[in-house]
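Engineer: need coordinates for the following:
(one chain, ligands or ions: 2)
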Amino acid sequence: MNNHAQQQPRYSGIATFMRCPYQPSLAEVDIALIGVPFDGGVTNRTGTRHGPREIRNQSSLMRSVNQTTGVAPFEMCRVADVGDALPESPFELEASHRSIQAFFEKVVSAGALPISAGGDHSISLPILRALAKDGPLALVHFDAHCDTGDNYLGSKFHHGSPFKIAVEEGLIDPHKTIQIGIRGSVNNSEIWRFSHDSGMRVIYMDEFYELGVQGVIDEIRQLVGDTPAYVTFDVDALDPAYAVGTGTPEVGGYSSFEALKMIRGLAGMNVVGGDVVEVSPPFDPTGSTALVGATVMFELICIAAQALEQRQKAALAEA
Ligand code: MN
Ligand code: MN
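Structural biologist: Ligands and ions are numbered 1, 2, ... in the order given. You can find the predicted model right below:
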């Protein structure tokens with residue numbers, strides 16, 4: 001499979017993630033790029049169902065080598081766009097989550113590592129259900145919000161609660177969960193209490209600036225160690241100056257550069273999957289939020305390729 005020939009002009013052809021081949025059969029795929037066009041869990045401004053299509057479009061600007069780290073993921077692995085995890089009943093939240101889970105289970109059982117573009121943040125829950133088959137995962141969570149909220153207006157499942165439910169279902173280990181960039185006004189000072197009570201490490205923006213990017217990276221690596229880890233990136237983690245096209249923007253976040261640097265800092269960790277969520281094209285008039293989303297996705301692909309290479313080396317050493 002020719003992964004990234006880039007023979008054609010980037011404005012031509014059918015848009016796939018990173019201009020990778022479209023490979024819905026999942027055959028011979030190491031890293032599966034997946035769209036999850038679902039926003040049935042959004043509590044206020046919708047539109048993230050349009051995220052995957054616009055991220056595919058903007059991802060045509062990505063190139064093949066990471067200039068900072070030198071990682072060339074499309075040479076190291078077989079990376080393909082395997083299509084959308086399109087729910088069968090897209091207007092029913094729990095049924096949608098079941099379809100999304102089933103899609104990711106297929107990807108995992110085909111031996112591919114999933115990197116996806118959402119979708120609202122509720123989609124991380126069915127993804128974790130598909131991935132955490134051998135016990136709880138570590139979670140590296142970039143967001144302005146902890147997303148460990150309670151029932152909201154009578155609904156248990158929404159984009160503000162996936163990680164509370166993930167703990168309750170044993171999908172993530174709260175003691176190996178780190179949430180980075182939390183801020184914003186609240187209606188209730190107890191809103192993120194579950195994060196603290198369950199033992200998650202919560203880095204609010206004030207502390208982010210005290211620690212600095214390297215300090216945060218050090219903490220992530222120390223907390224997670226070699227545990228299989230999932231990386232979830234809510235684009236509202238970024239200051240709206242960098243990513244205005246999202247449903248719940250919060251002023252006072254980190255920059256896109258700081259975010260990319262933090263993701264690069266995860267190189268060598270035992271990454272088993274990742275997502276970029278909450279890109280909402282209707283609020284993104286210039287497409288720049290989708291471009292940030294595509295760039296974060298590229299960085300996730302790079303650390304996933306490094307994790308796969310490391311696993312391969314470890315397997316060879318054992319053999
Ligand atoms: Mn979120
Ligand atoms: Mn958020």
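
Engineer: from the stretch 1-150 of the chain, which residue is nearest to ligand 1?
Structural biologist: His121 (3.5 Å; Cβ to the ion). From N, CA and C alone the C-beta is placed, and that goes for glycine too.

Engineer: surely that residue meets Asp39?
Structural biologist: No. The criterion here is Cβ atoms under 8 Å, and His121 misses it with Asp39 at 9.9 Å.

Engineer: quick check: residues of the stretch 51-200 of the chain near ligand 1?
Structural biologist: Residues of the stretch 51-200 of the chain lying close to ligand 1 by Cβ under 5 Å from the ion are 121, 143, 147.

Engineer: who's in contact with the second one?
Structural biologist: Same thing as Asp143. Neighbouring residues of Asp143 by Cβ atoms under 8 Å, 6 or more residues apart in numbering: 121, 179-182, 232-234, 236-237.

Engineer: for Gly154, state which of the residues you listed is nearest.
Structural biologist: Set against Gly154, the nearest of the contacts of Asp143 by Cβ to Cβ is His121 (19.1 Å).

Engineer: the protein: helices as residue ranges?
Structural biologist: 51-58, 73-76, 93-109, 124-131, 162-168, 193-198, 205-224, 256-264, 288-318 (DSSP state H).

Engineer: please identify which of those helices is closest to Gln23.
Structural biologist: Closest approach to Gln23 among the helices of the chain is made by helix 93-109 (11.2 Å; Cβ to Cβ).

Engineer: returning to that earlier point: the more surrounded of His121 and Asp39?
Structural biologist: His121 (31 against 26; other Cβ atoms under 10 Å).

Engineer: enumerate the residues of the stretch 151-300 of the chain near ligand 2.
Structural biologist: Residues of the stretch 151-300 of the chain lying near ligand 2 by Cβ under 5 Å from the ion: 234, 236.

Engineer: which residue, neighbours along the chain excluded, lies closest to the closest residue to ligand 1 within the stretch 151-300 of the chain?
Structural biologist: Distance from ligand 1 to each residue of the stretch 151-300 of the chain (Cβ to the ion) is smallest for Asp234, at 3.5 Å. Using Cβ to Cβ, 6 or more residues apart in numbering and skipping the chain neighbours, the partner closest in space to Asp234 is Asp143 (4.0 Å).

Engineer: next one: Tyr11
Structural biologist: Ser60 (7.0 Å).

Engineer: so what pLDDT did the one you found get?
Structural biologist: If you check Ser60, the pLDDT there is 96.

Engineer: my read: it touches Ser12, true?
Structural biologist: No. Contact criterion Cβ under 8 Å: Ser60 and Ser12 do not qualify, at 9.1 Å.

Engineer: which one of these two has more residues nearby?
Structural biologist: The residue with more neighbours, out of Ser60 and Ser12, is Ser60; 18 against 9, by other Cβ under 10 Å.

Engineer: check contacts around Leu86.
Structural biologist: 37, 99.

Engineer: which strand residues bridge Gly35?
Structural biologist: Gly35 forms beta bridges with Asp84, Ala117, as assigned by DSSP bridges.

Engineer: residue contacts, the most centrally placed residue in the chain?
Structural biologist: What sits nearest the mean C-alpha location of the chain, by Cα atoms, centre = their mean, is Asp275, with 1.8 Å. Contacts for Asp275 were tallied using Cβ under 8 Å, 6+ apart; they are 36, 115-119, 123-124, 127, 231-233.

Engineer: mind putting those in JSON lines, distance to Leu223 included?
Structural biologist: Formatted as JSON lines, those follow (distance: Cβ to Cβ, whole Å):
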{"residue": "Val36", "distance to Leu223": "27"}
{"residue": "Ile115", "distance to Leu223": "22"}
{"residue": "Ser116", "distance to Leu223": "24"}
{"residue": "Ala117", "distance to Leu223": "26"}
{"residue": "Gly118", "distance to Leu223": "25"}
{"residue": "Gly119", "distance to Leu223": "26"}
{"residue": "Ile123", "distance to Leu223": "24"}
{"residue": "Ser124", "distance to Leu223": "19"}
{"residue": "Ile127", "distance to Leu223": "21"}
{"residue": "Val231", "distance to Leu223": "13"}
{"residue": "Thr232", "distance to Leu223": "15"}
{"residue": "Phe233", "distance to Leu223": "17"}
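
Engineer: for those residues, pick the one with the most neighbours.
Structural biologist: Among the contacts of Asp275, the one with the most neighbours (other Cβ under 10 Å) is Gly118, at 35 neighbours.
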